[in-house]
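In: all I have is the shape, not the residue letters:
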């Protein structure tokens, strides 16, 4: 699917606004997990890497495409694991008491 | 089939934005990352039926690549300690930047592969038509239509520009993040690789941009390869001079840049999920970088173009007076009889692995009716919010932890402020002494508390190398020793009462 010039600029612009809006009121306590979480989100590069490796036709293209897939998968999986581990630990007093009872 | 693929990408983009939104509040943060994770799995699965993907070898390579990298990343991410989180984020982020650059690499290889045949068939047609030699026809074609025989000609000007920009940003983020990882992990200590690093950086940057422009017009693989190599080199050179204290800002900046690179490559290969997710991260990451730089009172330009310790030789005189020390047991008893206690943890606490003992102490104090709070400086730990993660790991509920702005007024009404493993973030020189290199950085007003206990390993200066007048204060008592042992001694003392 080709995305023509101006439509692409609209997408870029609206996505940028969404990004600013989502972050604008984040407490300091969540800066590190959020940086890690946004690091995970750009792991979507894995789908691009899959596509370029998927339509590779020479060995050189396959080698570079394979590097792209490996790096991108590392970004996505690693980003998810560390973010999930950090956020897992954020609990309020009530939640802690609940777990202690169980 | 393409319809299903595109619809899933749209759904993934929505899930990413909702997920990031969720992650901006502690209550919904866990749901947020799970939503984003679901989006990622859906997008990845549906790409297997993407119309452009074909060939058994390619499918096999994709599956092997994802499996190998996935297992390794899962294993390393599970194993790493919470204190090492910043460098792991840097490492994974660098991989994303590298992937974006590699995508651009494949696209350029494809573009160059289609060129020679194109040109030759055109030249043959021209030579038989006009009755000139093949070489002359080829030369004429090159002369009149350089654009057709170049990366830009094959990809289209808009795609070529964004692919090249994405490659530039991606290579810089890749090698720069790897250097950031190596420095934070203690594998690399140098602050320059060549003499006059700043001048060399400008030259290398100029060359990189030059070859980026040449890549647009070229039909030579060598030019493209040199362009990528220069981008990688520039990333290394940018990150090497950055001091440890500024590293979090740089990691955040590289994170934003990777997002941007992913967005650009998304345009280059016509993938809307990459455009949206990449741009959202680019914008959010830029804002996050600004917030961090502000919290540290270090404008981004200073972080990028100056070193921390290289301030001119106007060393102000050391603070007057002497340090007064007290034993861990006496300090524990002081706290047991206090009404209000605020604990100010720093990275030193995490290095000593003292957070669990501290939490044990706090629970004992709470049982005795002492009101205890934790005060966190925005840059405590190695990144903003890092200390919150470390305390959360020890079991401290997040509603006991307060940001600097929310708690700074309370120090004046506090019986005992306990500083453990923190130094620069409580140094009054940042507030009072204009000649101090950390002047202007917002600090926790620990010195306003009635009594201050400082748990510290030795008598040396802090991360920035600046002496701390707080340690010499009239109302300050120093507890020297390993953080974990000191906290253990305090626990014993309180238990014994």
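Out: Right, received. Where do you want to start? On a predicted model such as this, the values are computed, not experimentally measured, just so you know.

In: for stretch B:106-121, the averaged confidence score.
Out: In this model, stretch B:106-121 has a mean pLDDT of 77.

In: what's the neighbour count on the closest residue to residue B:454 other than its chain neighbours?
Out: Counting by Cβ to Cβ, 6 or more residues apart in numbering or on different chains, residue B:419 is the residue found nearest to residue B:454 once chain neighbours are left out, at 4.6 Å. The C-beta positions use only the backbone N, C-alpha and C, and glycine is treated the same way. By the criterion of other Cβ atoms under 10 Å in any protein chain shown, residue B:419 has 30 neighbours.

In: A strand includes residue B:419, no?
Out: Yes - under DSSP: H, G, I helix; E, B strand; the rest coil, residue B:419 falls within a strand.

In: correct me if wrong: it contacts residue B:446.
Out: Yes - assessed by Cβ atoms under 8 Å, residue B:419 is found in contact with residue B:446 at 5.9 Å.

In: please name the bridge partners of the residue nearest to residue B:454.
Out: Counting by DSSP bridges, residue B:419 is bridged to residue B:344, residue B:454.

In: sorry, back to before: which neighbours do residue B:419 and residue B:446 have in common?
Out: Any residue near both residue B:419 and residue B:446 by Cβ atoms under 8 Å, 6 or more residues apart in numbering or on different chains counts here, and that gives B:344, B:426, B:452, B:470.

In: going on from the helix or strand encompassing the third one, what's the next piece of helix or strand?
Out: Residue B:452 belongs to strand B:451-456 when assigned by DSSP states H and E. Next in sequence after strand B:451-456, counting helices and strands by DSSP H and E, comes strand B:476-480.

In: helices or strands next to that next one in the packing?
Out: helix B:328-336, strand B:451-456 (3 or more Cβ pairs under 8 Å, 6 or more residues apart in numbering or on different chains; DSSP states H and E).

In: with mean pLDDT and mean neighbour count added, can I get the ones you listed in TSV?
Out: As requested, those are exported to TSV (pLDDT from 0 to 100; neighbours: other Cβ atoms under 10 Å in any protein chain shown):
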stretch	mean pLDDT	mean neighbour count
helix B:328-336	89	20
strand B:451-456	90	25
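
In: of the ones you listed, which is nearest residue B:181?
Out: Closest approach to residue B:181 among the helices and strands packed on strand B:476-480 is made by strand B:451-456 (28.7 Å; Cβ to Cβ).

In: and the host helix or strand of residue B:93, is it in reach of chain A?
Out: Using DSSP H and E, residue B:93 sits in helix B:85-130. Yes - if you take Cβ under 8 Å from any Cβ of the partner chain as the test, helix B:85-130 does meet chain A, through B:85-86, B:88-89, B:91-93, B:95-96, B:98-100, B:102-103, B:105-107, B:109-110, B:113.

In: what sits up against stretch B:15-31?
Out: The contact list for stretch B:15-31 (Cβ under 8 Å, 6+ apart) reads A:18-19, A:22-23, A:25-27, A:29-30, A:33-34, A:37-38, A:41, A:44, A:83-84, A:87-88, A:90, A:92, B:32-39, B:42, B:276-277, B:280, B:284, B:398.

In: PyMOL command to pick out the buried ones of those residues?
Out: Selecting only the buried entries of the contacts of stretch B:15-31 in PyMOL, with 16 or more other Cβ atoms under 10 Å in any protein chain shown as the criterion:
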select buried, (chain A and resi 18+19+22+23+26+29+30+33+34+37+38+41+44+83+84+87+90) or (chain B and resi 32+33+34+35+36+37+39+42+276+277+280+284+398)
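
In: now the chain, which segments are flagged as low pLDDT?
Out: In the absence of a named chain, this looks at chain A. Judged by pLDDT under 70, chain A has its weakly predicted residues at A:1-4, A:92-93, A:96-97, A:99-102.

In: chain B was what I was after
Out: For chain B, the ranges with pLDDT under 70 are B:1, B:115-123, B:141-149, B:244-245, B:296-298, B:305-321, B:460-465.

In: mind giving me the domain ranges of it?
Out: B:93-305, B:328-495 (automatic domain parsing).

In: would a markdown table of the ones you listed with distance to residue A:51 be doable?
Out: What follows is those, written out as a markdown table (distance: least, Cβ to Cβ, whole Å):
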| stretch | distance to residue A:51 |
| --- | --- |
| domain B:93-305 | 6 |
| domain B:328-495 | 33 |
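
In: which one of the ones you listed lies closest to residue A:77?
Out: Residue A:77 lies closest to domain B:93-305 among the domains of chain B, at 9.9 Å (Cβ to Cβ).

In: mind listing the strands for chain A?
Out: For chain A, no strands are identified by DSSP state E.
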